[in-house]
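Novice: Predicted model and sequence follow; I will ask about them next.
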Amino acid sequence: MSAPRVLPDHSSAPLLLTDVPGPRSRALHERRRQTVARGVGSVLPVYIAHADGPWVTDVDGNRLLDLGSGIGVTTIGHGNPAAVAAAAAQLEQVTHTLFTVTPYEGYVRLAERLSEKTPGDHEKRSVFVNSGAEAVENAVKIARRHTGRRAVAALDHGFHGRTNLTLAMNHKAAYGTGFGPFSSDIHRVPNSYPYRDGLSGEQAAERTIAHLEQRIGTSDLAAVIAEPIQGEGGFVVPADGYLPALQDWCTRNGVVFIADEIQTGLGRTGTWFASEHFDVVPDLVLTAKGIAAGLPLAGVTGRADIMDAPDPGSLGGTFGGNPVSIAAALAVFDELEHGPFFAEALRIGGSLRQHLTTLASRHPLIGDVRGIGAMYAFELTDPATSHPAAGAASAIAAYAAQHGILLLTAGSDANVIRFLPTLTTTDDQIEVAVDVIDRALATLA
Ligand SMILES: Cc1ncc(COP(=O)(O)O)c(C=O)c1O
């Protein structure tokens with residue numbers, strides 16, 4: 001068990017020595033063009049040499065405030081000392097044996113930790129894999145095997161990964177352009193998007209359920225998958241009551257309810273899992289991203305009777321549950337349990353809510369401010385037309401980068417700025433970032 005940690009870096013201002021990207025980053029980018037596949041994008045081609053707490057330092061010596069955490073991965077801070085020490089110690093012991101050949105205790109211990117901390121006190125089982133998309137793939141396999149049914153429903157504005165199956169689930173066609181044919185028996189149904197649909201949770205659930213019943217039919221439906229707060233879709237927080245109604249319908253109809261907590265889980269929203277905010281106890285919970293503080297690991301955790309449906313040997317893979325990643329993950333669990341991180345996530349959420357609401361009162365382009373904990377966003381809407389303000393979010397992110405702030409965009413219309421800061425980010429640092437965004441919005445006006 002690691003001791004509670006004093007959060008380290010309280011300096012608030014980025015340090016810029018060159019343009020962003022600087023000359024070394026630009027030279028590396030040129031080299032990359034000759035050798036890295038074009039399909040691998042980079043939001044901001046600033047090449048990182050070092051990272052610590054909420055900061056990343058690039059090869060030109062610029063120190064940038066990272067409000068994206070590698071898309072929600074380094075939740076407990078870049079280079080969290082406990083996770084780094086645990087992974088380094090494990091490297092000295094065993095780096096790989098393959099759990100499905102000769103197992104090791106860490107895998108079992110992490111499964112125990114997930115059984116304790118995922119919602120619900122029923123008996124649970126876990127399997128570990130390498131990436132979020134692979135967790136989604138496995139959850140679908142398990143749900144189909146358990147129910148003997150084929151169809152899977154995902155929500156509008158959802159995102160579940162870049163494998164062939166998960167491409168079929170994503171809302172945005174752009175992720176899959178030219179990659180078809182896609183997996184069959186995958187359906188998309190309307191979500192709850194209060195800012196856009198104006199529906200209560202009950203009304204939105206009725207609409208979703210009508211689609212499930214009429215367009216798919218319950219007898220064929222194996223699973224419904226939902227992100228409790230949609231990530232790539234623009235931090236869409238469902239209306240109160242929506243998720244419980246959907247889950248209740250799933251339970252009554254023998255449909256497996258899968259919570260994709262890959263972006264929302266493990267402290268991000270101030271609780272172990274975002275499902276807790278909505279009073280839902282999913283049948284299966286998916287983890288990845290923040291689970292191992294930056295090392296690759298993902299998991300499916302859920303009801304024992306569902307998880308035990310597949311036959312021995314039908315789950316797993318060469319690197320799934322790698323001992324080094326598992327050691328880091330166990331440290332993450334200790335850090336979350338004994339450190340200040342849940343409270344810090346709520347503090348960050350409070351600070352963002354206050355600052356972004358003030359910004360919204362000054363800039364009519366901000367149509368909505370939403371989120372929970374350290375998962376906050378604002379959506380940009382043209383006040384004259386009420387249409388998504390296409391281009392405004394990327395312009396703000398570009399301006400922020402020039403001023404040393406790394407911001408991520410999101411949303412099906414790419415009109416959302418989302419904040420996924422490390423939980424080591426201070427209020428002063430948030431203030432510095434908001435000031436830059438304020439100036440960016442002023443230039444747009
Ligand atoms: C909610 C959600 N599900 C699944 C994925 C896919 O995870 P990975 O990129 O690790 O495959 C992501 C990644 O952004 C995600 O945000």
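Specialist: Noted; the coordinates are in hand.
Novice: so what's the residue nearest to P228 when sequence neighbours are not counted up against?
Specialist: With Cβ to Cβ, 6 or more residues apart in numbering as the criterion, P228 has its nearest non-adjacent residue at 3.9 Å, and that residue is A274. (Each C-beta comes from the backbone N, C-alpha and C, glycine too.) For A274, the contact set (Cβ atoms under 8 Å, 6 or more residues apart in numbering) comprises P228, I229, A259, E261, T264, G265, R268, I372, M375.
Novice: What distance do you get for A274 to V43?
Specialist: Relative to V43, A274 is positioned 24 Å away (Cβ to Cβ, to the nearest Å).
Novice: Provide the backbone phi and psi angles at A51.
Specialist: Dihedral pair for A51: phi -140, psi 140, per degrees, to the nearest 10.
Novice: Can you give me the pLDDT of the residue nearest to it when sequence neighbours are not counted?
Specialist: Nearest residue to A51, sequence neighbours excluded (Cβ to Cβ, 6+ apart): H78, at 3.5 Å. We have a pLDDT of 98 for H78.
Novice: Equivalent analysis for A390, please.
Specialist: Per the predicted model, pLDDT is 83 at A390.
Novice: That one should be in a strand, yeah?
Specialist: No. Using DSSP: H, G, I helix; E, B strand; the rest coil, the assignment for A390 is coil, not a strand.
Novice: Okay, the residue nearest to P228 and P238: tell me how far apart.
Specialist: Distance, A274 to P238, by Cβ to Cβ: 10 Å.
Novice: what do those two both touch?
Specialist: Counting by Cβ under 8 Å, 6+ apart, the contacts common to A274 and P238 are P228, I229.
Novice: what about the residue of the chain with the smallest separation from the ligand, how many residues close to it?
Specialist: Residue of the chain nearest the ligand, by Cβ to the nearest ligand atom: G132 (2.2 Å). Counted with other Cβ atoms under 10 Å, the neighbours of G132 add up to 26.
Novice: which residues touch the closest residue to it other than its chain neighbours?
Specialist: Nearest residue to G132 in three dimensions, chain neighbours excluded: A288, at 3.6 Å (Cβ to Cβ, 6+ apart). By Cβ under 8 Å, 6+ apart, A288 lies in contact with S131, G132, A135, I262, L297, A298, G299.
Novice: again, 6 Å this time
Specialist: Counting by Cβ atoms under 6 Å, 6 or more residues apart in numbering, A288 makes contact with G132, A135, I262, A298.
Novice: what helix or strand is the residue positioned nearest the centre of the chain on?
Specialist: The centroid of the chain falls nearest to Q263 when counting by Cα atoms, centre = their mean (1.5 Å). Here Q263 sits in a region with no helix or strand, counting by DSSP states H and E.
Novice: Mind pulling up the pLDDT for it?
Specialist: For Q263, the model assigns a pLDDT of 98.
Novice: So which residues of the stretch 51-200 of the chain form helices?
Specialist: Under the criterion DSSP state H, counting those that start in this stretch, the stretch 51-200 of the chain contains helices at 69-72, 81-93, 105-117, 132-147, 164-169, 194-197.
Novice: which of these sits most buried?
Specialist: helix 132-147 (a mean of 24; mean count of other Cβ atoms under 10 Å).
Novice: Kindly provide the whole-number mean pLDDT of that one.
Specialist: The average pLDDT within helix 132-147 is 98.
Novice: Show me what it packs onto, helices and strands only.
Specialist: Judged by 3 or more Cβ pairs under 6 Å, 6 or more residues apart in numbering; DSSP states H and E, the packing partners of helix 132-147 are helix 164-169, strand 221-226, strand 284-287, strand 298-303.
Novice: quick one on the thing from earlier: closest one of the contacts of A274 to A205?
Specialist: Taking Cβ to Cβ as the measure, A205 lies nearest P228 of those, at 14.1 Å.
Novice: Now A89. Nearest residue, chain neighbours left out?
Specialist: A327 (6.9 Å).
Novice: and if you look at R303?
Specialist: Here the residue nearest R303, using Cβ to Cβ, 6+ apart, is D283, at 5.2 Å.
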